[in-house]
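1. Coordinates for the following, if possible.
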Amino acid sequence: MGKPYLKCGLNFDWHIPSNNTSKRIVDELSSFLQSNDFVRKQRPSTWNPKNRSTKVDSVDTPEVETATDATSVGVQVDRMEEGRSETSDKIRIGTIGLRSVLRAMQRGTVSTVFLDAASLAPSAVSTALALYAINCNGVRVYALEGLDATLSKSLNLRTVGAVGLCENEKTSPICSIALSELLPVERARSRKSRAMVPVTAAQLSVSCGKQEQKGRKMKNNRGVLDDSLR
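-> Alright, predicted model coming up:
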C-alpha cells in the first residue's frame, strides 16, 4: 500500500512578488519590528546561571536586611510590570513564528500575515496553508522571498517562518504597503472550466501504484491461461 498524500482539485495562486519587491518590503518589515522592540536580546557569552553570586546576609543588622529585601522585591515587581506591559504591547502589534501566527489567524487577532516563500516549496504544505488561509475570514496572507533569512538575522531569532500583524495605528503603515503592492493568496480558476471547486474537495488518498504494470500482468496471465486450454 502506498503512502497517503493530499489530493486536492483546487489550484492556488500565491502571487509571490519579484526578489526586488520582496527584499524592499521585508526590509520595511524588519525596520518596523526592530523599532517596536521585537529584537531578542543576546545573552553574554560568559553568562552561566550556575555561577550566580550569592550574598551572605549579616546577622547584626536585621533592619538593613529587611529594607534591602523590600527594595529588591519592589524592583523585581517593577521589572515584572514593565515586562508585562512590553509583552502586551507586542501582542497588540503582532506575533512572530508560524505556530503562533496560525493560532492568531484562527482567533482572528491578526489581519495581515507574511509567510516565507521557501516554506511553500512542498506542494502539500502550500495547499494546506492556502486552504487554511482562505478559511480564515478577514486575514490577508502574503508570501515573500527571503523573509526568514532577513528577519532571523535582524531580530536575533533562530527562524522566522511567518509574521502576523494586528490592525491598528502602529501597524497601519506596513499594512498599507502590503495592501497596495502585494496580492494575497487566492484560489485560481481553471482555464478549461470556470466552475469553482468547493474547498471541501480536498481529501486524503492512497496511491495504488502504476496502472500500466498491472495491465501488463493481466495480459500475461490471460496468455498463459489460453495456452493451457489449448
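
2. Next, the buried residues of stretch 122-134.
-> 126, 127, 129, 130, 131, 133, 134 (16 or more other CB atoms under 10 Å). For the C-beta atoms, the positions are set from N, CA and C on the backbone; glycine is no exception.

3. Give me the mean pLDDT for it.
-> In this model, stretch 122-134 has a mean pLDDT of 93.

4. And for stretch 177-195?
-> 80.

5. quick one, helices of this protein?
-> 19-35, 62-93, 98-107, 123-135, 147-154, 172-181, 211-229 (DSSP state H).

6. And these, which one averages the lowest pLDDT?
-> Minimum mean pLDDT among the helices of the chain: helix 62-93, a mean of 50.

7. thought residue 36 was touching residue 170?
-> Yes. With contacts counted by CB atoms under 8 Å, residue 36 reaches residue 170, the gap being 7.0 Å.

8. Common neighbours of these two, please.
-> residue 93 (CB atoms under 8 Å, 6 or more residues apart in numbering).

9. sorry, back to before: of the buried residues of stretch 122-134, closest to residue 99?
-> residue 129 (12.5 Å; CB to CB).

10. Pull up the gap between that closest one and residue 96, please.
-> 17 Å (CB to CB, to the nearest Å).

11. ok, now residue 143?
-> In terms of CB to CB, residue 143 sits 16 Å off from residue 96.

12. quick one: residue 118 from residue 170, how far?
-> 28 Å.

13. So which bits of stretch 148-156 are buried?
-> 148, 150, 151, 152, 154, 155.

14. As JSON lines, those residues with distance to residue 108 would be great.
-> Formatted as JSON lines, the buried residues of stretch 148-156 follow (distance: CB to CB, whole Å):
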{"residue": "148", "distance to residue 108": "25"}
{"residue": "150", "distance to residue 108": "28"}
{"residue": "151", "distance to residue 108": "24"}
{"residue": "152", "distance to residue 108": "27"}
{"residue": "154", "distance to residue 108": "28"}
{"residue": "155", "distance to residue 108": "25"}
